[in-house]
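Undergrad: compute the structure for the input listed below.
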Amino acid sequence: MNVLSLFDGMSCGRIALERQNIPITSYYASEIDKYAITIAKKNYPDTQHIGDVTQVSADDLPQIDLLIGGSPCQGFSFAGKQLNFDDSRSKLFFEFVRLLKELKPKYFLLENVRMKKEYQDVISDLLGVEPIKINSSLVSAQNRVRLYWTNIPNVTVPEDKGIVLADIIDDGFVDRDKSHCIDANYFKGGNLKSYFEKHRRQLVFSNDGLCREPKILQIPHGYNKGGLKENKSPSMTTSSWQHNNHLTYDDGLTYRKLTPIECERLQTVPDNYTEGVSNTQRYRMLGNGWTVDVISHILKNIK
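TA: You can find the predicted model right below:
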């Protein structure tokens, strides 16, 4: 099978193909980030890197059997400014459409974030298929909802594997079963205010090891000033328990961000796959990458 991966990043698509034992004749990767290319080459030295997607021509390629890609999403994401197709990065989606028309592969797969229905419909109209929505939480310990447009037949939502965050961390404890979604800015780390109020940048907690009476750390909301509460839980709110309250032990609570290896596990990437560049770049490419086992689940229906 000849595969063309656009916006290839660190080649998560190739890991997924490998997991399904799908034979690859040639794997062509279009990517411009030098760090991601370094990691892709380290793990798959036979990958043929062909540079900027805007310079890729069908005339320079053999018959492609599978076209895959996750085009930049900054203009679509609810977390961003939602400039949609006016954002220069999101316009790169049209390069996927161009090459799909020129190459006419047997199969294609496009991944992107949740977005307004009007943007989603434009993509669906151009690709000729409706997306399937899959949360990575079904196959990993991370809440990561994404849309997948594909003509691969009989794709369904995967069964829940029951993996929780405590299963993948090396030490400490966590206050939820599924991690907040990691993104390309995760390398900046987080803090308690951002974590509990904005529900972002997953933290791992620890204490000084002394067995004191547990207390409840409540985040301020409404007329409640929050703070440490002893003996009894503070009143519940319409928000979920895990978002407003955290079990702690006096003021010995410390926290850290996930390690690169723990983020690899969230993305179901092999341990140390991204080793070889700085931790900042490891976090960036993992935040931009795919949850491999979701892609593997979709690709398993290729004949």
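Undergrad: which parts of the stretch 201-303 of the chain are strands?
TA: 203-206, 215-218, 227-229, 245-248, 254-257 (DSSP state E, counting those that start in this stretch).
Undergrad: can you tell me which of these the model trusts least?
TA: Among the strands of the stretch 201-303 of the chain, strand 227-229 has the lowest mean pLDDT, at a mean of 49.
Undergrad: got a list of what the nearest residue to Asn279 once chain neighbours are set aside touches?
TA: Nearest non-adjacent residue to Asn279, counting by Cβ to Cβ, 6 or more residues apart in numbering: Pro260, 5.5 Å away. C-beta here means a position set from N, CA and C on the backbone, and glycine is covered the same way. Pro260 makes contacts with 274-275, 279, 282-283, 286, as judged by Cβ atoms under 8 Å, 6 or more residues apart in numbering.
Undergrad: show the buried residues in those.
TA: 274, 282-283, 286 (16 or more other Cβ atoms under 10 Å).
Undergrad: these: which two are farthest apart?
TA: Thr274 and Tyr283 (8.8 Å; Cβ to Cβ).
Undergrad: hang on, Gly190 in a strand?
TA: No: the assignment for Gly190, made by DSSP: H, G, I helix; E, B strand; the rest coil, is coil rather than a strand.
Undergrad: distance of it from Ile68?
TA: 31 Å (Cβ to Cβ, to the nearest Å).
Undergrad: these two: which has the busier surroundings?
TA: Ile68 (27 against 20; other Cβ atoms under 10 Å).
Undergrad: now the more buried one, what's its secondary structure?
TA: Secondary structure, three-state DSSP: Ile68 is strand.
Undergrad: low-confidence ranges, the stretch 151-300 of the chain, go.
TA: For the stretch 151-300 of the chain, the stretches flagged by pLDDT under 70 are 207-252.
Undergrad: again, only this time at 90
TA: Across the stretch 151-300 of the chain, residues meeting the criterion (pLDDT under 90) sit at 173, 175, 189-200, 205-255.
Undergrad: what about the strands in the stretch 51-200 of the chain?
TA: Under DSSP E, counting those that start in this stretch, the stretch 51-200 of the chain gives strands at 66-69, 107-113, 132-135, 145-150.
Undergrad: so who does Gly128 touch?
TA: Asn151.
Undergrad: and it, how far from Lys188?
TA: 39 Å.
Undergrad: go on, Ile32?
TA: Taking Cβ to Cβ, one finds Ile32 at 23 Å from Lys188.
Undergrad: what does Leu258 give?
TA: 13 Å.
Undergrad: these two - which one has more neighbours?
TA: Leu258 (29 against 12).
Undergrad: got phi/psi on the more buried one?
TA: phi -60, psi 150 (degrees, to the nearest 10).
Undergrad: so which residues of the protein form helices?
TA: For the chain, helices defined by DSSP state H occupy the ranges 12-19, 34-43, 93-103, 117-127, 192-198, 241-244, 260-266, 279-288, 292-299.
Undergrad: quick one: closest of the ones you listed to Asn151.
TA: Per Cβ to Cβ, nearest to Asn151 of the helices of the chain: helix 117-127, 8.2 Å.
Undergrad: by contact count, what packs against that closest one?
TA: helix 93-103, strand 107-113, strand 145-150 (3 or more Cβ pairs under 8 Å, 6 or more residues apart in numbering; DSSP states H and E).
Undergrad: give me the buried positions along it.
TA: 119-120, 123, 126-127.
Undergrad: okay, the residues you listed in JSON lines with pLDDT next?
TA: Listed next are these as JSON lines, based on pLDDT from 0 to 100:
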{"residue": "Tyr119", "pLDDT": "88"}
{"residue": "Gln120", "pLDDT": "92"}
{"residue": "Ile123", "pLDDT": "93"}
{"residue": "Leu126", "pLDDT": "94"}
{"residue": "Leu127", "pLDDT": "96"}
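Undergrad: let's have these in JSON lines, adding distance to Trp290.
TA: Output for those, formatted as JSON lines (distance: Cβ to Cβ, whole Å):
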{"residue": "Tyr119", "distance to Trp290": "20"}
{"residue": "Gln120", "distance to Trp290": "19"}
{"residue": "Ile123", "distance to Trp290": "17"}
{"residue": "Leu126", "distance to Trp290": "21"}
{"residue": "Leu127", "distance to Trp290": "18"}
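Undergrad: picking that back up, for the helices of the chain, please prepare CSV with the additional fields distance to Leu253.
TA: Below are these laid out as CSV (distance: least, Cβ to Cβ, whole Å):
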stretch, distance to Leu253
helix 12-19, 35
helix 34-43, 34
helix 93-103, 43
helix 117-127, 41
helix 192-198, 9
helix 241-244, 16
helix 260-266, 19
helix 279-288, 24
helix 292-299, 33
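Undergrad: thanks a lot, catch you later.
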